[in-house]
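1. Structure here, sequence nowhere to be found:
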């Protein structure tokens, strides 16, 4: 991860699990004076501003970037308020599904003018540890400076990739946006299987989590393809081969993983608005 020397100031609208994960990472990286709109967070360190609603912001507060981290279903009401206050601000949406066209339409109608530049990002919750993965898309109207500011924010909490089309953000959602949940599910299932094989739960938990962590480190640190790493640990006729014979059956992981990602991508499309 490459940490930028200077982050832009932000207005973070929504500080739930994803917004909070990013905020914790940004605060650790020296976020300049910024504001957060959230009714549930208890406090923020000075000089940052925490208020329950947009109406409570100081009149002179002008962020570099407004980050939309509300639920997609609540975006329209939020945009209508923002448009009356920040008619020309750059907006970074981290919401799943909601397209730039739909967001711009709502904002333009409320502002009674030209839509600002919207950039989309799909981060994930490891951002709170600086280990996030974010895919970003910017329309042709975005300037290099706007893209750099958004990239700096997301690189401060992990790695970034830029995709060529907005539609590809839905695929990012299905792979890395939702991906940590898939890994956590695997940890749950390995722990359960260990208990079923007679291990104490604490032991099974340690084995499952440490194994996933170590394998993840290998994937992240080594240039070797995942399939080669898998083959390297699979001796013909051995224990791993026996397990993979079950997991790699056509109707097991190969099918279910593709179906799961497709379901996430499909749902992102349904939220596009």
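-> The structure has been received and is ready for your questions. Because the structure is a prediction, the values reported are computed rather than measured.
2. Could you give the number of residues near residue 216?
-> Residue 216 is surrounded by 12 other residues when neighbours are defined as other C-beta atoms under 10 Å. C-betas here are computed from N, CA, C, even on glycine.
3. Now find how far off-centre the helix or strand hosting it is within its chain.
-> Assigning secondary structure by DSSP states H and E places residue 216 in helix 201-221. Its chain's average C-alpha position is 22 Å from that of helix 201-221, according to C-alpha atoms, centre = their mean, to the nearest Å.
4. With stretch 186-195 instead?
-> The mean C-alpha position of stretch 186-195 is separated from the chain mean by 25 Å, C-alpha atoms, centre = their mean.
5. so where's the chain shaky on pLDDT?
-> Where the chain drops to pLDDT under 70, the residues are 1-5, 87, 273.
6. where along it do the helices fall?
-> With helices called from DSSP state H, the chain shows them at 17-28, 75-85, 100-111, 144-155, 167-172, 179-196, 201-221, 226-232, 239-247, 253-270.
7. tally of neighbours for residue 247?
-> Other residues near residue 247 come to 10 when the count uses other C-beta under 10 Å.
8. Could you shift the numbering so residue one becomes 13, and keep it that way?
-> Sounds good: first residue 13 from here, last item residue 259.
9. for it, what are its contacts?
-> For residue 259, the residues meeting the contact criterion (C-beta atoms under 8 Å, 6 or more residues apart in numbering) are residue 265.
10. That one and residue 176, how far apart?
-> As for residue 259, its distance to residue 176 is 33 Å (criterion: C-beta to C-beta, to the nearest Å).
11. do the same with residue 63
-> Between residue 63 and residue 176 the distance is 38 Å, computed by C-beta to C-beta.
12. Residue 273 too?
-> Between residue 273 and residue 176 the distance, using C-beta to C-beta, works out to 19 Å.
13. between these two, who's got more neighbours?
-> Comparing residue 273 with residue 176 by neighbour count (other C-beta under 10 Å), the higher total belongs to residue 273, at 17 against 7.
14. Could you verify my assumption that that one touches residue 186?
-> Yes: Residue 273 is within contact range of residue 186, at 4.1 Å (criterion: C-beta atoms under 8 Å).
15. that older thread, ok, which of the helices of the chain comes nearest residue 46?
-> The closest approach between residue 46 and any of the helices of the chain, judged by C-beta to C-beta, belongs to helix 29-40 at 7.9 Å.
16. So which bits of the closest one are buried?
-> The neighbour-count criterion (16 or more other C-beta atoms under 10 Å) identifies 30, 31, 32, 33, 34, 35, 36, 37, 38 as the buried residues of helix 29-40.
17. Might you report the residue contacts of the first one?
-> Residue 30 is in contact with 81, 106, 135, 136, 137, 139, counting by C-beta under 8 Å, 6+ apart.
18. how about 7 Å then?
-> The neighbours of residue 30, taking C-beta atoms under 7 Å, 6 or more residues apart in numbering as the test, are 81, 106, 135, 137.
19. ok, now the last one?
-> Residue 38 makes contacts with 19, 165, 168, 169, as judged by C-beta under 7 Å, 6+ apart.
20. still on that earlier bit, any chance of TSV for the helices of the chain, columns distance to residue 74?
-> What follows is these, written out as TSV (distance: least, C-beta to C-beta, whole Å):
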stretch	distance to residue 74
helix 29-40	18
helix 87-97	10
helix 112-123	16
helix 156-167	14
helix 179-184	28
helix 191-208	34
helix 213-233	38
helix 238-244	45
helix 251-259	53
helix 265-282	32
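21. out of those, nearest to residue 129?
-> Taking these one by one with C-beta to C-beta, helix 156-167 is closest: 5.7 Å.
22. any idea how far residue 258 is from the most far-flung residue of the chain relative to its centre?
-> Each residue of the chain has a distance to the centre, and by C-alpha atoms, centre = their mean the biggest one is for residue 249: 40.0 Å. Residue 249 sits 15 Å away from residue 258, taking C-beta to C-beta as the criterion.
23. go on, residue 265?
-> The gap separating residue 265 from residue 258 is 9 Å, by C-beta to C-beta.
24. who's more crowded, these two?
-> Here residue 265 and residue 258 are compared on neighbour count by other C-beta under 10 Å; more neighbours surround residue 265, at 14 against 9.
25. Run a quick neighbour tally on the closest residue to residue 266 other than its chain neighbours.
-> Closest residue to residue 266 apart from its sequence neighbours, by C-beta to C-beta, 6 or more residues apart in numbering: residue 260 at 6.4 Å. Taking other C-beta under 10 Å as the criterion, the count of residues near residue 260 is 12.
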